[in-house]
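**Q** make a model of this:
(one chain, ligands or ions: 2)
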Amino acid sequence: MLTYNSLVPIVGEIPIVNLMSSTMDPLGPNPQPIDAKNTPVTSNNTIASVGGQHAPRVHHIWLVTGPAGCGKTTVARHLSESLNLPYLEGDAYHPKANIDKMANGIPLTDADRWDWLTLLREESLRQLASGAEGVVLTCSALKRKYRDVIRVAPYFTHDVQLHFIYLHGPEALLLERVGLRQGHYMGANMVRSQFEILEPPTAEETDVISIDVSGTISEVLRAALSQTTNKMREAV
Ligand SMILES: Nc1ncnc2c1ncn2[C@@H]1O[C@H](COP(=O)(O)OP(=O)(O)OP(=O)(O)O)[C@@H](O)[C@H]1O
Ligand SMILES: O=C(O)[C@H](O)[C@@H](O)[C@H](O)[C@H](O)CO
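**A** Numbers count the residues shown, from 1 in each chain. Ligands and ions are numbered 1, 2, ... in the order given. Reported below is the predicted structural model:
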């Protein structure tokens, strides 16, 4: 029984159970297996048809995570534009009550976040079901169990790979960057509370790409795009 407090094995180490009936699989019936290693790959990271069979496409969900001020929005926008993928800003899916709490310097609780995390997972899958090759989204996902709520997205359909892009840097640096930012509801007074509950991904979370954000914006964006495109090549 999967509960919010039970750890979710990382996809790839257990057989993926399709929790929904195949008729509800938005990406269609499971394509026939093909020899991916000896099959030409098209430019948009899909495997060309083999012998007339429609080859499966890997649909990637790129989830940019980290505490306030780490650069989630900055990196996600860049990946969305560079990879020509739709972008979901996690903050836009918070209920007003959550935004009001944070704007008033009140940290969110687990209870504040569950529905928001589920909504982000479902919206990501909706994007793929409506034909997107992939999707980029931002979500702080500070705790392991938050990541697990979204981590199960590939269980609901075929040929989906979910990747966390974890942006990390010293608290003082993120505090400085949030302090310099204008017109955002999340003030510098909230950075401490983000780090207090932050559970950095562990080595067991093999679906995580970690990026140090201490460098310049262009250095961070270059690292994020490079590691993302490498993962896409590995998926073929
Ligand atoms: N590598 C960087 N070097 C310097 N400034 C940066 C860097 N990355 C982001 N910034 C700046 O830091 C601020 C925070 O970035 P951004 O809003 O993308 O972070 P975030 O993780 O989305 O924050 P929040 O979670 O509060 O929405 C912005 O003003 C952004 O321009
Ligand atoms: O889980 C949370 O505490 C919130 O999502 C915060 O992370 C803010 O939304 C974000 O940092 C501000 O943009």
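**Q** what sits against T118?
**A** V149 (C-beta atoms under 8 Å, 6 or more residues apart in numbering). Bear in mind the C-beta positions are built from the backbone N, C-alpha and C, glycine included.
**Q** tell me the mean pLDDT over the helix or strand hosting it?
**A** Element membership of T118 [criterion: DSSP states H and E] is helix 110-129. The pLDDT scores in helix 110-129 average 97.
**Q** same question, stretch 167-174
**A** pLDDT averaged over stretch 167-174 gives 98.
**Q** list the buried residues in it.
**A** 167-169, 174 (16 or more other C-beta atoms under 10 Å).
**Q** with distance to ligand 2 and secondary structure added, can I get the residues you listed in JSON lines?
**A** Converted to JSON lines, these look like this (distance: C-beta to the nearest ligand atom, whole Å; DSSP: H, G, I helix; E, B strand; the rest coil):
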{"residue": "L167", "distance to ligand 2": "11", "secondary structure": "strand"}
{"residue": "H168", "distance to ligand 2": "14", "secondary structure": "strand"}
{"residue": "G169", "distance to ligand 2": "14", "secondary structure": "coil"}
{"residue": "L174", "distance to ligand 2": "10", "secondary structure": "helix"}
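**Q** can you tell me which of those residues comes closest to A153?
**A** Among the buried residues of stretch 167-174, L167 lies closest to A153 (C-beta to C-beta), at 20.1 Å.
**Q** next, the contact list for the closest one, please.
**A** With C-beta under 8 Å, 6+ apart, L167 has these contacts: 64-66, 70-72, 75, 211, 213, 220.
**Q** what about the residue lying closest to P170 once chain neighbours are set aside, how many neighbours?
**A** Among residues not flanking P170 along the chain, S214 sits closest, at 7.1 Å (C-beta to C-beta, 6 or more residues apart in numbering). Neighbour count of S214, defined by other C-beta atoms under 10 Å: 11.
**Q** quick check, the helix holding T118 touching ligand 1?
**A** No - counting by C-beta under 6 Å from any ligand atom, ligand 1 is not contacted by helix 110-129; separation bottoms out at 13.3 Å.
**Q** thinking again about what came up before, now the two most distant members of the contacts of L167.
**A** Using C-beta to C-beta, these reach their maximum pairwise distance at T65 and V220, which is 14.1 Å.
**Q** which element is the spatially most central residue of the chain on?
**A** Nearest to the geometric centre of the chain sits L63, at 1.4 Å (C-alpha atoms, centre = their mean). Assigned by DSSP H and E, L63 belongs to strand 59-65.
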